[in-house]
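>>> sequence and predicted structure, then a few things I'm wondering about:
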Amino acid sequence: MSLILAIESSCDEMAVAILKDQRELLCNVVASQIDTHRLFGGVVPEIASRMHVECVSTVLKTALNEAKINMQDIDAIAVTKGPGLVGSLHVGMQAAKTLALAYHKPLIGVHHIAGHIYANELVEDIQYPCLCLVVSGGHSELVYMKHEFSFEVIGQTLDDAIGEAYDKVGRVLHLPYPGGPVIDRMAKEGKHSYQLPLPMNDDSYHFSFSGLKSAVINLCHNASQRGEDIVPEDLACSFQEVAVDVLVSKTLKAAKDYQVKEIIVAGGVSANQGLREALTKRSDIPVLFPPMRYCTDNAAMIASAARIMYEHQQFSSLDLMVKPSYDL
Ligand code: KG4
Ligand code: ZN
C-alpha cells in the first residue's frame, strides 16, 4: 500500500500527481506552458523556470484538492531529479524537499526516463525481460531491462534526439511548436514522394537523426531558392516513414538479439501514430505503448516509477541534487 505525491518539472510542464498503490491515480494535474514557448519556436529555459516558480503552489493545491487528500496522508514525495533543464528541475526539487521536510515524508528522486518507461505500468504489468524504445524530445535510446528497475542502455542517438528532429523539421515547414504531433497528423494526408537518406541504417543499436533532419532542411531551402513549392504533407510523410522505419528496424533487431518477451515504448514520440502502427504490425512479440495522456511529460509517470522505489525503500536524502544529465 502506498500513496505517493509526485512532481515533474524537467522542461516546460509543471505537473503534480497523486498515485494510490499501483494504478489508482487520484489526480494528474499538468500546467503546460506550450502557448508561451510557441511564440519563440521552442522552449526558452529561463522563461520555463520562472513560470514554474509562479505556478508550482497552485498546481500542488489543485492536485491535493482534486484528490481530496491531506498532506499528512501521503507516504512519500517523489520528484524528477533529471535529466532536463536545470532551472526547471530546481523548482520541482525545492518544492519536493520543502514538503518532505515540513511533513516528515521520505523523498524519492526519480530519473525522468524511468518515469517515461513506467508510464506503461499505469495500465498493464510489464513482462521482463523487455526492451524499451525511449523516444522523446531529448532521448532516442534502446534500453534492455532484464528485471524490474534494471536499465541497460544498449543504444542511443549520436546526435539529435528523434523528437528534436521532428521539431526542427516542423520549424522549417513553418509549423507551430512542437512540430512532432503536427507532422504526425500531416503525414497521414501525404505520400512518400521525397527521397530521403535512411539515417544510420547499420547493424548497431545506435541512432543518428541529424543527417535526415539536414536533408529535409536542405530540400526546403533548395526548393525555395529555385522558387519551387514543396508539398508539406508529402514531406511530412516521407520524413516520418524514414524515421519510423529505422526506429522500428533497430528495435526489432535488438528485441530478437536479446530475446525479450515484450517491447515497450516510452517518451513523447510514443504518441506517434506512424510509429504505433508500424511497430505493432511488424513485431511478432507484444508491444506496449502508454495511453496517449501519459506519453508526453506528466507526473503520473514519475509516481509510477516512484511506487516501485518506495516498495524497495529507495529514498534520497535532502542533499539530492538535480542534474541536467543523469545516467539511467
Ligand atoms: O517526453 P516529452 O514530453 O519531453 C521530453 O522529455 O523531451 O517529449 C516531447 C517531444 C517533442 O519533441 C514533441 O514534438 C514529441 O515529443 N511528440 C511527437 C508526437 N507527440 C509529441 N513526435 C512525433 N509524433 C507525435 N505524435
Ligand atoms: Zn519527457
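Everything's here; your move. Ligands and ions are numbered 1, 2, ... in the order given.
>>> surely Gln22 forms part of a helix?
No: judged by DSSP: H, G, I helix; E, B strand; the rest coil, Gln22 forms no part of a helix; its state is coil.
>>> quick one: pLDDT of the residue lying closest to it once chain neighbours are set aside?
Spatially, and ignoring its direct neighbours in sequence, Gln22 is nearest to Arg307 (6.3 Å; C-beta to C-beta, 6 or more residues apart in numbering). The way it works is simple: take the backbone N, C-alpha and C, and place the C-beta from them, glycine included. We have a pLDDT of 98 for Arg307.
>>> also the one 3 residues further on?
What the model reports as pLDDT for Tyr310 is 98.
>>> so who does it touch?
Ser2, Ile4, Asp75, Ala76, Ala78, Pro106, Ile108 (C-beta atoms under 8 Å, 6 or more residues apart in numbering).
>>> so what does the fifth one look like in phi/psi?
For Ala78, the backbone dihedrals are phi -110, psi 150 (criterion: degrees, to the nearest 10).
>>> you'd agree it is up against Ala114?
No: between Ala78 and Ala114 there is no contact under C-beta atoms under 8 Å: 10.7 Å.
>>> those two: which is more packed in?
Neighbour count, other C-beta atoms under 10 Å: between Ala78 and Ala114, Ala78 has more, with 30 against 23.
>>> partners of Ile108 in the sheet?
In this entry, Ile108 is beta-bridged to Ala78, by DSSP bridges.
>>> check contacts around it.
By C-beta under 8 Å, 6+ apart, the contact list for Ile108 reads Ile4, Ala76, Ile77, Ala78, Val79, Ala306, Met309, Tyr310, Gln314, Phe315, Ser316.
>>> keep those, but drop any that are not near ligand 1.
Among the contacts of Ile108, none lies close to ligand 1 by the criterion of C-beta under 6 Å from any ligand atom.
>>> now, the residues you listed that are in helices?
Ala306, Met309, Tyr310 (DSSP state H).
>>> the first one and Ile7 touch, don't they?
Same thing as Ala306. No: counting by C-beta under 8 Å, Ala306 does not reach Ile7; the two are 10.2 Å apart.
>>> what do those two both touch?
The contact sets of Ala306 and Ile7 overlap at Ala78 (C-beta under 8 Å, 6+ apart).
>>> quick check: residues of the stretch 1-150 of the chain near ligand 2?
Within the stretch 1-150 of the chain, the positions adjacent to ligand 2 are Ser136 by C-beta under 5 Å from the ion.
>>> bridged to the closest residue to Thr280 other than its chain neighbours, which residues?
Spatially, and ignoring its direct neighbours in sequence, Thr280 is nearest to Val287 (5.3 Å; C-beta to C-beta, 6+ apart). Beta bridges link Val287 to Ile263, judged by DSSP bridges.
>>> what pLDDT does the model give Val287?
For Val287, the pLDDT comes out at 98.
>>> isn't it up against Lys281?
No: using C-beta under 8 Å, Val287 makes no contact with Lys281, being 9.5 Å away.
>>> so which residues of the stretch 151-300 of the chain form helices?
162-172, 179-189, 210-225, 232-257, 273-282, 300-311 (DSSP state H, counting those that start in this stretch).
>>> what's the closest of the ones you listed to Val153?
helix 232-257 (11.3 Å; C-beta to C-beta).
>>> list phi and psi for whichever residue of the stretch 1-150 of the chain sits closest to ligand 1.
Relative to ligand 1, the nearest point of the stretch 1-150 of the chain is Gly137 (2.7 Å; C-beta to the nearest ligand atom). Here is the backbone geometry of Gly137 (degrees, to the nearest 10): phi -70, psi -20.
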